[in-house]
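*Asks:* sequence and predicted structure are below.
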Amino acid sequence: DAVVHWFKRDLRMSDNKGLFLAGDKAREAKVPLVCLFVVSPQDYEAHGTSAARVDFELRSLEVLKRDLAERDIPLYVETVEKRRGVPDRIVELCGEWGAKHVFCNIEYEVDELRRETLLTKKCLENGIDFTAVHDDVVVAPGRLSTGQGKQYAVYSPWYRSWVASIHENPDLLEEFEKPEKNPESAREKFKAIFDESIPKAPENKKLTREEEKRFEHLWPAGEHEAVARLDKFLNEKIGRYSDTRNYPAANSTAMVSVHHSAGTLAARTSVRMARNVNRTKKLDGGNQGIAGWISEVAWRDFYKHVLAHWPYVCMYKPFKYEYTNIEWEYNNDHFDAWCKGKTGFPIVDAAMRQLNHMGYMHNRCRMIVASFLSKDLLLDWRMGEKYFMEQLIDGDFASNNGGWGFSASTGVDPQPYFRIFNPLLQSEKFDPDGEYIRKWVVELRDVEGKAIHEPYGRGAEDIARKNGYPEPIVNHKECRDRALERYKVGLGRS
Ligand code: FAD
């Protein structure tokens, strides 16, 4: 006999609700706990998962496997080619292991919910109990509603209700203990699993050797790294977060999104640890930096609530139905220039090159490039959303979709369509010394002063031209007018 925990995007031993419950059940029943992870190349393909993210998952699984083994808990990792085959395979494995109970944490995206529904059915048919619990978010979707009993579509009132809910139910932030050591017999019984190593990335998601090394260096994997990163941030930077978070050159944010995304760090752990360093021991109030940071982690919860409540956002539909009819440009040259960081707008190009190199981009820059794509270039925001997913190591459907919806004005709680970022002003405001631009756009390293924001037009033409830096591919003022017109027509307001 055995109890199974099915790992997904919760690749950690500590503070993991599903794993805790599975461990508890196994201890009670005096049977071993067996852990499972399924690699699904078809899901990676369907969701445009980046190779960097797959690599990060596999590296995190290695850490997890070692940690679990210290408690004599086996972690079995198998690649299942067809995603529809995943539930059947889990049930089959339960049969092999004699397991009568499977636990997991819920993922809220549509494909994942469908898979879990199918698994529920298969488990029922085979006399297996299946328990899926809320763990990915601090407050479960469905728990917060407006006075009229509706789901919030605006962040601020939702956030107030989120804070109140946690203050009223402090147990929401309580830590779940790690599972206990397995009975010794588990070593013998599951010897083959203990001996197996973590598989390599599937063919469709392989990194080059150079990329592997780069990402390993930039983003060390596993839960210990996650907590170390968070600790360092809480000790050294969080106090000044509110003042510094918008400056991409300041290196002032926690850089833990990759861990939240892979589940090597629970959002609950982050919020609890941040709250604990706040003098007031509250989520809001007290130190502004701490409260501000917690409210950013809350955005992650918010977008997951939106996704759970309006699942059609998973189906390439804008949250706001009336934005379905905007006529987009499908200019491949523009899209290509945007992807490669060759638009001739230094702040946009710096950001896109950071993304391509690190699998990561600073939040302010994500907003700038998303606005540039959807408003200046008037390209379909879904092209940008997809490209982000294909590059980001922290790619998360809800946050990415929410971020794109915000910037393209098609989403929940958007910026109004007539508020269009001016890339030049954004650049001058948030990268005043051009430090971020110089780091990523090598062609402009020797440009001095304000010309860094606009080399053609401010006297740095010679350097820019000599180094092959492109001239702006569009004129912002003209683009702005075009976007306003097109959005108006699309919305039937012209
Ligand atoms: P910090 O500033 O230290 O914030 C702490 C944590 O809060 C982050 O790790 C993250 O989990 C959460 N967070 C912060 N800002 C946001 C936000 N706006 N929305 C949701 N959660 C937030 N974040 C992702 O994790 N995955 C994505 O795929 C993603 N795509 C985005 C696309 C666009 C167009 C935009 C505008 C934002 C996107 N974000 C995404 C949100 C945000 O940019 C990143 O979470 C943040 O830059 C991560 O850096 P950090 O860990 O240093 O963040």
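*Replies:* Here it is on my side, so go on.

*Asks:* residues contacting stretch 209-225, please?
*Replies:* 11-14, 51-52, 55-56, 59-60, 62-64, 67, 207, 258-259, 262, 264-265, 357-360, 393 (C-beta atoms under 8 Å, 6 or more residues apart in numbering). (Each C-beta comes from the backbone N, C-alpha and C, glycine too.)

*Asks:* rerun at 7 Å
*Replies:* Residues outside stretch 209-225 that contact it (C-beta atoms under 7 Å, 6 or more residues apart in numbering): 12-14, 52, 55-56, 59-60, 63-64, 207, 258, 264-265, 358-359, 393.

*Asks:* for it, buried residues please.
*Replies:* Buried positions in stretch 209-225, judged by neighbour count with 16 or more other C-beta atoms under 10 Å: Glu212, Arg214, Phe215, Trp219, Pro220, Ala221, Gly222, Glu223, Glu225.

*Asks:* same question for stretch 315-334.
*Replies:* Buried residues in stretch 315-334 (16+ other C-beta under 10 Å): Pro318, Phe319, Lys320, Tyr323, Ile326, Trp328, His334.

*Asks:* which residue packs closest to the last one, ignoring adjacent ones?
*Replies:* It stands for His334. Leaving out its chain neighbours, the residue that sits closest to His334 by C-beta to C-beta, 6 or more residues apart in numbering is Leu377, at 4.8 Å.

*Asks:* OK, contacts around the one you found?
*Replies:* Applying C-beta under 7 Å, 6+ apart to Leu377 gives the contacts Glu329, Asn331, His334, Trp338, Val474.

*Asks:* ok, now with 10 Å
*Replies:* 328-329, 331, 334-335, 337-338, 343, 348, 371, 383-384, 473-474, 479, 482-483 (C-beta atoms under 10 Å, 6 or more residues apart in numbering).

*Asks:* equivalent analysis for Phe194, please.
*Replies:* Phe194 touches Lys65, Leu68, Ala69, Asp72, Ile73, Pro74, Leu75, Tyr76, Ala186, Arg187, Glu188, counting by C-beta under 10 Å, 6+ apart.

*Asks:* confidence score at it?
*Replies:* Per-residue pLDDT puts Phe194 at 97.

*Asks:* how about the strand or helix carrying it: buried residues?
*Replies:* Using DSSP states H and E, Phe194 falls within helix 191-195. Within helix 191-195, the residues scored as buried using 16+ other C-beta under 10 Å are Ile193, Phe194.

*Asks:* and if you look at stretch 98-118?
*Replies:* Those would be 99-109, 112-113, 115-116, for stretch 98-118 by 16+ other C-beta under 10 Å.

*Asks:* gap between Leu230 and Asp15?
*Replies:* Leu230 sits at a distance of 12 Å from Asp15 (criterion: C-beta to C-beta, to the nearest Å).

*Asks:* so which of those two has more stuff around it?
*Replies:* Ranked by neighbour count (other C-beta atoms under 10 Å), Leu230 and Asp15 place Asp15 first, with 23 against 20.

*Asks:* which ones are touching the closest residue to Ala153 other than its chain neighbours?
*Replies:* The shortest distance from Ala153 to any non-neighbouring residue, by C-beta to C-beta, 6+ apart, is to Val412 (5.0 Å). Residues in contact with Val412 (C-beta under 10 Å, 6+ apart) are 151-155, 158, 302-303, 305-307, 309-310, 313, 318-320, 401-402, 405-406.

*Asks:* just the buried ones out of those, please.
*Replies:* Neighbour-count burial within the contacts of Val412 applies to 151-153, 155, 158, 302-303, 305-307, 309, 313, 318-320, 401-402, 405-406; the criterion is 16+ other C-beta under 10 Å.

*Asks:* just the ones in strands from these, please.
*Replies:* When those are checked against strands (DSSP state E), there are no matches.

*Asks:* can you give me phi and psi for the residue nearest to His334?
*Replies:* phi -80, psi -10 (degrees, to the nearest 10).

*Asks:* and whichever residue of the stretch 301-450 of the chain sits closest to the ligand, what pLDDT?
*Replies:* The stretch 301-450 of the chain approaches the ligand most closely through Gly403 (2.4 Å), counting by C-beta to the nearest ligand atom. Gly403 is assigned 96 on the pLDDT scale.

*Asks:* my read is that it contacts Gly395, right?
*Replies:* No - contact criterion C-beta atoms under 10 Å: Gly403 and Gly395 do not qualify, at 11.1 Å.

*Asks:* so what sits against both of those two?
*Replies:* When contacts are counted by C-beta under 10 Å, 6+ apart, Gly403 and Gly395 have Phe388 as shared neighbours.

*Asks:* enumerate every residue touching the residue most central in space within the chain.
*Replies:* Against the mean C-alpha coordinate of the chain, by C-alpha atoms, centre = their mean, the closest residue is Asp396 at 3.1 Å. Neighbour list for Asp396: 9, 53, 109, 136, 257-258, 260-262, 300, 303-304, 389, 402-403 [criterion: C-beta under 10 Å, 6+ apart].

*Asks:* up against the ligand, what does this structure have?
*Replies:* Applying C-beta under 6 Å from any ligand atom, we find that the chain lies next to the ligand at 245, 253-257, 260-261, 296-297, 299-300, 303, 363, 366-367, 370, 388, 392, 394-396, 399-400, 402-404, 407.
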